[in-house]
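J.: predicted coordinates and the sequence they were generated for:
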Amino acid sequence: MRATSARPRVLLLTSGPLEGQEGADIQLAAVLAETVPDVDFLWFTRWPSRGLRPRVAGGRPVPVVSLDGLPHPWQRLQVAAAGTVLGRRADLVHAVLTIGSGYPLFSRLWPPLLRGRPVLHTVPGVRDPALLRRCRPLGRTVALSEATAGDLLRAGFGDVSVIPPPLRIDRWPRRPRSSNAVPVVLVTGHHDPAGGAQESLAAVAAAAAAGARLRLVMALRPRSGQNPRALRAELCARAQEHGLPDVEVLGAVDDMRSLMDRADVLLHLPRRLGGKADIPLTVLEALATGRPAVLSDHPQFRALGDAVVRAPRDDPAGAGRQLCRLLQEPRWWDLLAERGRRAVEARFGVDRFTARYADLYRELLP
């Protein structure tokens with residue numbers, strides 16, 4: 001990367017500390033800091049730590065005041081201010097940031113403050129494609145899917161690469177199907193309107209009406225400003241209305257591996273992605289574990305090919321019929337479990353991800 005013996009300094013600019021909420025930007029940045037060689041990373045860490053270990057062993061952590069790890073506006077302001085100062089001292093700024101409502105203004109005001117430092121921007125997701133009309137590229141851009149790359153190119157982001165998200169496959173071994181007497185359907189998504197929670201309830205109700213026996217576990221991480229207790233009570237009430245009494249509603253999950261082991265099928269049915277990663281890491285974790293997934297048919301999910309089942313976004317009943325078939329046909333379950341594991345191994349391994357970013361760093365570093 002450099003002809004001198006000094007290692008280049010790369011600032012990882014994320015929406016908050018790496019020990020914060022497990023969003024796509026945090027997870028991607030952590031893998032970069034752990035795996036890209038011959039680089040000294042600057043990254044944001046949570047203060048006070050409250051006993052949490054630093055997410056990354058090497059590099060230089062930069063404290064950010066964060067009481068709960070959620071990306072509140074004041075936390076983002078801290079990151080932007082510190083990032084301006086640190087970015088001027090770094091050899092490269094690598095922003096790992098979702099394009100949300102504040103990004104258009106940020107994309108216009110922030111780059112001139114860096115005084116010409118090169119910037120690489122990884123876009124985990126786009127909250128609303130209409131925002132792209134008001135955005136400017138920070139520098140070289142990376143998307144996680146061909147679908148988002150196309151949106152960025154049409155919006156004037158001139159140089160866009162596609163690097164799929166990685167999964168540490170060694171940490172997610174394939175597991176045999178659970179021994180549950182009643183199959184468990186794991187739902188992921190958000191409480192937001194069209195975030196997948198209500199759509200999943202309707203799909204599961206359709207599967208149950210078609211004869212499927214199942215238990216429902218909903219793992220829905222709340223966003224900043226939401227009331228988890230009220231949202232949980234509302235979901236339980238809606239489940240009762242759908243005739244689904246056996247429902248477990250969780251918030252943030254600390255041990256996703258154990259939860260995947262309990263599950264038989266993953267159900268992820270957002271009508272709008274709403275800034276979530278183009279290919280959520282929870283989906284990759286399910287496929288690596290050998291858990292078939294039923295997804296809404298967003299263009300971003302097409303990279304998964306025939307390794308998953310996709311249903312129209314406006315047809316939860318159709319998703320329910322697919323779910324019912326998966327639960328009642330063991331051979332189809334086995335086929336999809338095998339396809340999912342192979343797809344993760346072939347397309348979403350860490351080695352390929354790291355090599356692609358190492359090449360970009362060599363290209364961009366002075």
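T.: All right, it came through fine.

J.: just the strands in the protein please.
T.: 9-13, 40-47, 60-65, 92-96, 119-123, 140-143, 160-162, 184-189, 215-220, 247-250, 265-268, 293-296, 309-311 (DSSP state E).

J.: which stretch among these comes nearest G20?
T.: Ranking the strands of the chain by proximity to G20 (CB to CB) places strand 40-47 first, at 6.1 Å. (Glycine included, C-beta is placed from N, CA and C.)

J.: can you name the residues that contact the residue lying closest to G189 once chain neighbours are set aside?
T.: When the adjacent residues along the chain are set aside, G189 lies closest to G196, with 2.5 Å between them (CB to CB, 6 or more residues apart in numbering). Contacts for G196 (CB atoms under 8 Å, 6 or more residues apart in numbering) come out as V187, T188, G189, H190, H268, L269, P270, R271, S296.

J.: R215 contacts S178, correct?
T.: No. Between R215 and S178 there is no contact under CB atoms under 8 Å: 10.7 Å.

J.: looking at these two, which is more packed in?
T.: R215 (19 against 14; other CB atoms under 10 Å).

J.: quick one: the helices in the stretch 1-150 of the chain?
T.: 24-35, 73-89, 103-109, 146-154 (DSSP state H, counting those that start in this stretch).

J.: tell me which of those sits most buried.
T.: helix 24-35 (a mean of 22; mean count of other CB atoms under 10 Å).

J.: about what we covered before: of the contacts of G196, which is the nearest to P71?
T.: H190 (14.2 Å).

J.: identify the bridge partners of that closest one.
T.: Counting by DSSP bridges, H190 forms beta bridges with G196.

J.: who touches P129 in this structure?
T.: P129 neighbours (CB under 8 Å, 6+ apart): D151.

J.: got it, and the one 10 residues further on?
T.: Residues near G139 by CB under 8 Å, 6+ apart: V93, P111, P118, V119, L120, H121, L364.

J.: surely L120 and L364 touch.
T.: Yes. L120 is within contact range of L364, at 5.9 Å (criterion: CB under 8 Å).

J.: ok, V265 touching N180?
T.: No. In this structure, V265 is not within contact of N180 by CB under 8 Å, at 11.1 Å.
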